[in-house]
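Peer 1: Below is the sequence, then the predicted model.
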Amino acid sequence: MRLSEPLLVFDGDCAFCSSCARAAERFLAGGWTARPYQFADLAELGLTEERARYEVLWVTPAGEVYGGAQAVAKLLLRAGGAWAYLGGAMRLAPVRPLAAAVYRLVARHRDRMPGGSAACALPRRG
């Protein structure tokens with residue numbers, strides 16, 4: 001699958017994730033597309049369902065894949081303006097581990113976040 005613009009892949013079964021994707025589409029500059037992983041051709045994108053279920057993914061037209069906090073950072077960089085400064089900061093070596101920890105905390109508890117529901121809970125990795 002050849003992408004003409006970056007693709008944000010998220011869990012469409014999670015109300016919190018869907019709300020975040022809709023908010024990003026509304027408030028951040030375009031030039032990218034959001035699609036639930038349930039409706040994306042994961043194999044063609046070089047992704048697995050397991051990975052897509054556990055973290056948001058940013059896929060570039062060149063086929064590069066960024067996950068979790070780094071996917072969010074790439075989205076913010078793409079948005080430009082003040083958002084790009086935040087995205088750039090999230091990619092800096094000293095901030096990167098903190099951004100990843102905050103992302104994992106939110107992802108782990110997404111069923112308890114505003115708009116979240118029991119359907120948003122991540123399955124246990126086994």
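Peer 2: All right, it came through fine.
Peer 1: tell me the phi and psi of the spatially most central residue of the chain?
Peer 2: By CA atoms, centre = their mean, the mean C-alpha position of the chain lies nearest to residue 56, the distance being 2.8 Å. As for residue 56, its main-chain torsions (degrees, to the nearest 10) stand at phi -70, psi 150.
Peer 1: residues contacting it?
Peer 2: Neighbouring residues of residue 56 by CB atoms under 8 Å, 6 or more residues apart in numbering: 8-11, 17, 67-68, 71-72. (Each C-beta comes from the backbone N, C-alpha and C, glycine too.)
Peer 1: That one and residue 94: what is the separation?
Peer 2: Distance of residue 56 to residue 94, given as CB to CB, to the nearest Å: 23 Å.
Peer 1: Any chance of the contacts of residue 56 in JSON lines with secondary structure, neighbour count and distance to residue 85 as columns?
Peer 2: Conversion of the contacts of residue 56 to JSON lines gives the following (DSSP: H, G, I helix; E, B strand; the rest coil; neighbours: other CB atoms under 10 Å; distance: CB to CB, whole Å):
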{"residue": "8", "secondary structure": "strand", "neighbour count": "22", "distance to residue 85": "20"}
{"residue": "9", "secondary structure": "strand", "neighbour count": "27", "distance to residue 85": "25"}
{"residue": "10", "secondary structure": "strand", "neighbour count": "23", "distance to residue 85": "23"}
{"residue": "11", "secondary structure": "coil", "neighbour count": "23", "distance to residue 85": "28"}
{"residue": "17", "secondary structure": "helix", "neighbour count": "22", "distance to residue 85": "25"}
{"residue": "67", "secondary structure": "strand", "neighbour count": "20", "distance to residue 85": "22"}
{"residue": "68", "secondary structure": "coil", "neighbour count": "20", "distance to residue 85": "20"}
{"residue": "71", "secondary structure": "helix", "neighbour count": "21", "distance to residue 85": "18"}
{"residue": "72", "secondary structure": "helix", "neighbour count": "24", "distance to residue 85": "14"}
